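Trainee: for reference, the sequence and a predicted model appear below.
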2 protein chains.
Amino acid sequence: MTRSVGQSITAIGVDLGGTKVLTGIVDAEGVVRASQRQSSAVGDFDAAVDEIVETVSQCRAAAPDTAPAALGIGVAGQVERETGVVRFAPNLGWRDVPLGARLAERLGIPVFVTNDVRAATWGEWTHGAGSGTRDLVVLFIGTGIGGGVVVDGRLLEGATNAAGELGHQTLVAGGRKCRCGNPGCFEAYVGGWAIAERARDAVAADPVGGRLLAELAGPSDAVTAATVMVGAGREDALSVRLVDETVEYLGAALVGIVNAFNPQRLVLGGGVIDHNPWFVERVRPIVRQRALSAATRRLEIVRAKLAGNAGIVGAAAVALHGARPDG
Amino acid sequence: MTRSVGQSITAIGVDLGGTKVLTGIVDAEGVVRASQRQSSAVGDFDAAVDEIVETVSQCRAAAPDTAPAALGIGVAGQVERETGVVRFAPNLGWRDVPLGARLAERLGIPVFVTNDVRAATWGEWTHGAGSGTRDLVVLFIGTGIGGGVVVDGRLLEGATNAAGELGHQTLVAGGRKCRCGNPGCFEAYVGGWAIAERARDAVAADPVGGRLLAELAGPSDAVTAATVMVGAGREDALSVRLVDETVEYLGAALVGIVNAFNPQRLVLGGGVIDHNPWFVERVRPIVRQRALSAATRRLEIVRAKLAGNAGIVGAAAVALHGARPDG
């Protein structure tokens, strides 16, 4: 079988999280030609590099008709874009590792290192739900909450490349403690871990009302965000209340984000949204009603499109962008 | 007396608020050569134009050795930068008035219309406390809270020129109603009007503890933010508590702003800060401790420098920037 795509430009995109490495060969249109998932080697930098090189080989073997021009990698941590050094990646147990240089040496192609959420934002912007916009906010609501912002056609980076931590805006001053230490972060109410924590607190405070949730959680008492969604689907009153409150918190956070950034489009993705896409419909009227009318005049609120591939598509797009003569 | 400044470039800056018009002739170094204040003619657009033209004449007469090249005007409302039309200025009672075109016709020089907070931000950025930065947040905390953001050397404008409304980020989900209608805005806790409202509520809830505040307010019962500050200065327990809470709210909001924008410098200005500059010292450790360390690594939190002149200095700088061949 002959394939006609042989000559198109591709790059390798890598999404390196705390628990998995997803590697793909992605073309200039954002199409994933081949991809490979492995669990990541937490802690050992050399082993992780080997693993990435190995998954790249597998992808190349699976898409032999392309010769990727560059590699982009999004890392769950703080990176220095210019040097490709990962400064601090707590979930990987890394500090100051020369990831970009090492991969470039091993693979013989240019390597571009970025943050994983930044890469996923880039993916949704260039080939997903944010496509065609110059002012965009992308929020990934999974276990934690990450975000990326495009301002007048450029990714918001900040003074020390740390901008866009929209999950760590104070949403309830003096409120629930966040994993980051700040009281009352948006993430501490709407992140998956926080929905679970609020649910466990609610069950503890009201064992009768929490009976169904406790049952669903089983003997390990592991109420999760998913448990709450199942409970709400069964019209369990406590679960429904928790979901309603979550919608309110999410809406309240989005109002502030829209007033601050005035995006043309607000894209919601991540596990919590992917599994419960009705969140998007439910927050729309809240934002419409409560945000400043000047900021919502042309606003669209939509679901992310690329799901789990946003990171590799974005990392590959970053690489193609960076490898261009004018990139 | 001869003056040696005759040949330097100047522009006219106008700061048009709901209650006053401040007009100045400002040079390229941000020095105000002459200025003039009048109360503004609310409601009547033609009268306001006459008034602005009149104050411009007075300034020109007071600084006869300069020939301003352009005029910049910051208006308390929504403006269309490209056309110079003021879309909506509730405090002035205006809707869709061609301010830029009219002033240009009357004065015979190019006119640049912007938002008043945007102009003041530009002033602090180019000639004030934000000078030399590429990533900057400026917050003006007066009766209301306005803000401006510089991202990688450019003013954040958003999709419909409405970005930077940092006072209307949700700080207490489901909290006190803001003037904008949204519950729990930052402004609804820390804006001058909100400090006053919180104080009146506290006095009503605790007439004994609120005795000093009620006395200071006098028979009209007009407890203001200033009253609270006077009370705190006299170590009145209720006033001190209100101030402490205000510091906490301000700190909590700044944590979120720093995490979102990762500015190099955060400039605090406006009446509340100008009259109580110790707020800056008190919020610094809160932000340092609670914001993400990646975002505070190079962060400075400082007072605004230009006080009441930020608007005219900024509007003039916008005009000089716009009037440049490459502007």
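Mentor: Perfect, I can see it now. This one's a predicted model, so the numbers in the text were calculated from it and none came from an experiment.
Trainee: next helix or strand past the strand or helix carrying A:Val86?
Mentor: Counting by DSSP states H and E, the element that carries A:Val86 is strand A:85-89. Once strand A:85-89 ends, the next helix or strand along the chain (criterion: DSSP H and E) is strand A:94-97.
Trainee: chain center to that next one: distance?
Mentor: When distances are taken as Cα atoms, centre = their mean, to the nearest Å, strand A:94-97 is centred 21 Å away from the chain's centroid.
Trainee: partner strands of it and their direction?
Mentor: strand A:85-89 (antiparallel) (DSSP bridges).
Trainee: quick one: buried residues of the partner strand?
Mentor: A:85-87, A:89 (16 or more other Cβ atoms under 10 Å in any protein chain shown). Where you see a C-beta, it was placed from the backbone N, CA and C, and this is true even at glycine.
Trainee: if we ignore the residues flanking it in sequence, what's nearest A:Val283?
Mentor: Sequence neighbours aside, A:Gly251 is the residue nearest to A:Val283 in space, at 4.5 Å (criterion: Cβ to Cβ, 6 or more residues apart in numbering or on different chains).
Trainee: quick check: that neighbour touching A:Ala291?
Mentor: No. The criterion here is Cβ atoms under 8 Å, and A:Gly251 misses it with A:Ala291 at 9.6 Å.
Trainee: and the two? which has more neighbours close in?
Mentor: The residue with more neighbours, out of A:Gly251 and A:Ala291, is A:Ala291; 26 against 23, by other Cβ atoms under 10 Å in any protein chain shown.
Trainee: check that one and give its pLDDT.
Mentor: For A:Ala291, the pLDDT comes out at 98.
Trainee: surely A:Trp94 touches A:Val85?
Mentor: No. Contact criterion Cβ under 8 Å: A:Trp94 and A:Val85 do not qualify, at 9.9 Å.
Trainee: residues touching A:Ile301, list them.
Mentor: By Cβ atoms under 8 Å, 6 or more residues apart in numbering or on different chains, the contact list for A:Ile301 reads A:254, A:265-266, A:268, A:280, A:283-284, A:287.
Trainee: give me the neighbour count for the residue in the stretch 1-150 of chain A that chain B sits nearest to.
Mentor: Using Cβ to the nearest Cβ, the closest approach of the stretch 1-150 of chain A to chain B is made by A:Asp135 at 4.1 Å. Neighbour count for A:Asp135, taken as other Cβ under 10 Å: 23.
Trainee: now do the same contact list for it.
Mentor: With Cβ under 8 Å, 6+ apart, A:Asp135 has these contacts: A:150-152, A:261-265, B:158-159, B:163.
Trainee: tell me the most packed of these, by neighbour count.
Mentor: Going by other Cβ under 10 Å, A:Phe261 tops the contacts of A:Asp135 with 30 neighbours.
Trainee: quick one, phi psi at that one?
Mentor: Here is the backbone geometry of A:Phe261 (degrees, to the nearest 10): phi -100, psi -20.
Trainee: distance check, it against A:Val138.
Mentor: The gap separating A:Phe261 from A:Val138 is 11 Å, by Cβ to Cβ, to the nearest Å.
Trainee: what sits in contact with each of these two?
Mentor: A:Val149.
Trainee: for the closest residue to chain B within the stretch 101-250 of chain A, which non-adjacent residue is spatially closest?
Mentor: The minimum distance from the stretch 101-250 of chain A to chain B, using Cβ to the nearest Cβ, falls at A:Gly158 (2.6 Å). Distances taken as Cβ to Cβ, 6+ apart put B:Asn262 closest to A:Gly158, at 2.6 Å, once the chain neighbours are dropped.
Trainee: please apply the same query to A:Arg282.
Mentor: A:Val247 is the one closest to A:Arg282 (Cβ to Cβ, 6+ apart), at 4.8 Å.
Trainee: hang on, the one you found in a strand?
Mentor: No. A:Val247 is assigned helix when assessed by DSSP: H, G, I helix; E, B strand; the rest coil, not a strand.
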